[in-house]
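Colleague: need the 3D shape of this:
(one chain, ligands or ions: 1)
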Amino acid sequence: MADDQSPEPPWTILKILRWTTNYFDDRGIDSARLDAELLLAEVLNLERIELYTQFNRPLVEDELAAFRALIKRRANREPTAYIIGHRHFWEFELKVDSRVLIPRPDTETLIRATLERLDEDSAERLVDIGTGSGAIALTLASERSQLQIAATDDSGDALDVATANAQALSLEERISFFKGDLLDALPDEWLPLDFIISNPPYIAESEREDLQPEVRDFEPADALFAGADGLDVIRRLVADARGALRPGGQLLFEIGYQQGEAVADLLATYDYDEIELLKDYGDRDRVAAARKPDD
Ligand SMILES: C[S@@+](CC[C@H](N)C(=O)[O-])C[C@H]1O[C@@H](n2cnc3c(N)ncnc32)[C@H](O)[C@@H]1O
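Modeller: Okay, here's the model as predicted:
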């Protein structure tokens, strides 16, 4: 909303939403209208739906100035979730910032698959490896009240965000957080585990330049990339989980949609049973699941 391009005042909610949507569209932003609404709702301290009931409300100069600053950041391809500081996931509004990956709807596939394997009153012992914002651990804690949950990350910054989210949702008593590399983070008393769940980094270095600028330039590289073929972390996770699971325990983790075959082969190499590839909403391989054989 450069001053020289501004139409005559007053700027109403509807007028500014239309202008911003066009501006974002022109800059190649996919979700132009949605982003305009989320940013404006943040500035006006309204729910998105409330914008629709106040289309003719004029904005005052302070509101315009605050909105202009957010438009500038978004036009620079900073993700909307980082600008407004939160992201809707499952039934929550999670705090997010540049220290953590923005949780994706794809990850609900992993959560649903895990919930299907857990009884309502399951008191099993589960770890979420690479918890980031805490999205997976927090959702499982809210859905299964007896589940014993640990959540790990090798990023202390990410754990700070996850802990803040747990407190905001009053779930901090339900989850034990540990910092460290994959399963090494867990104290011995958590072993053996019934479930190991993870959304690990799985993007190949070679794909870096093909990513949207929002991802490539703003999200933490350690949350995204895992070596030449994207499987460096998954290889170690599959190997280490074999030792950390109890006989009959289950491993479920998110994968890239082109990694299904390689991951199924890897799980077979480590003699897991019941190897399955589960599909996301777009019908693409998104989750690998397997069971450690009974003794
Ligand atoms: C793809 S993000 C997933 C974040 C969150 N679980 C979600 O689904 O939105 C991967 C996370 O794993 C963490 N991570 C990467 N390598 C790790 C390692 N070797 N050990 C523990 N955590 C790791 C990153 O810091 C990041 O938070």
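
Colleague: care to break the chain down by domain?
Modeller: Residue ranges for the domains of the chain, per automatic domain parsing: 3-76, 99-291.

Colleague: mean pLDDT for the ones you listed - can I get that in a markdown table?
Modeller: Output for those, formatted as a markdown table (pLDDT from 0 to 100):
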| stretch | mean pLDDT |
| --- | --- |
| domain 3-76 | 93 |
| domain 99-291 | 97 |
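
Colleague: need the winner for burial among those domains.
Modeller: Counting by mean count of other CB atoms under 10 Å, domain 99-291 has the highest mean neighbour count of the domains of the chain, with a mean of 19. For glycine as for every other residue, the C-beta is placed from the backbone atoms N, C-alpha and C.

Colleague: and that one, anywhere near the ligand?
Modeller: Yes - interface with the ligand: domain 99-291 contributes 100-101, 103, 107, 129-133, 135-136, 152-155, 158, 181-182, 199-201, 222-223, 233 (CB under 6 Å from any ligand atom).

Colleague: wait, what's in contact with residue 137?
Modeller: Residue 137 makes contact with 128, 131, 149, 151, 162, 166, 175, according to CB atoms under 8 Å, 6 or more residues apart in numbering.

Colleague: what's the closest of these to the ligand?
Modeller: residue 131 (5.1 Å; CB to the nearest ligand atom).

Colleague: for residue 215, see how far away the closest one is.
Modeller: 19 Å (CB to CB, to the nearest Å).

Colleague: got a list of what the nearest residue to residue 57 once chain neighbours are set aside touches?
Modeller: In space, residue 57 comes closest to residue 13 once its chain neighbours are excluded; the distance is 5.2 Å by CB to CB, 6 or more residues apart in numbering. Under the criterion of CB under 8 Å, 6+ apart, the neighbours of residue 13 are 40, 44, 51, 54-57, 59.

Colleague: which one of those is nearest residue 23?
Modeller: residue 40 (12.6 Å; CB to CB).

Colleague: so the closest one makes contact with residue 20?
Modeller: Yes - in this structure residue 40 lies within contact range of residue 20 using CB atoms under 8 Å: 7.4 Å.

Colleague: got any residues that touch both of those two?
Modeller: Jointly contacting residue 40 and residue 20 under the rule CB under 8 Å, 6+ apart are residue 67.

Colleague: show me what the lengthiest strand in the chain is packed up against.
Modeller: Taking DSSP state E as the criterion, the chain has its longest strand at strand 245-254. When contacts are defined as 3 or more CB pairs under 8 Å, 6 or more residues apart in numbering; DSSP states H and E, strand 245-254 sits against helix 107-116, strand 193-198, helix 232-244, strand 285-291.

Colleague: which residue is nearest the middle of the protein?
Modeller: With distances taken as CA atoms, centre = their mean, the residue of the chain nearest its centroid is residue 103 (1.5 Å).

Colleague: measure that residue to residue 177 for me?
Modeller: Per CB to CB, residue 103 is found 17 Å from residue 177.

Colleague: and residue 122, that one's in a strand?
Modeller: No - Residue 122: not assigned to a strand; according to DSSP: H, G, I helix; E, B strand; the rest coil it is coil.

Colleague: from the ligand, how far off is it?
Modeller: Look at residue 122 and the ligand: by CB to the nearest ligand atom, to the nearest Å, they are 20 Å apart.

Colleague: what does residue 271 give?
Modeller: Distance, residue 271 to the ligand, by CB to the nearest ligand atom: 23 Å.

Colleague: would you map the strands across the stretch 1-150 of the chain?
Modeller: Along the stretch 1-150 of the chain, counting by DSSP state E, counting those that start in this stretch, strands occupy 86-89, 92-95, 125-129, 148-153.
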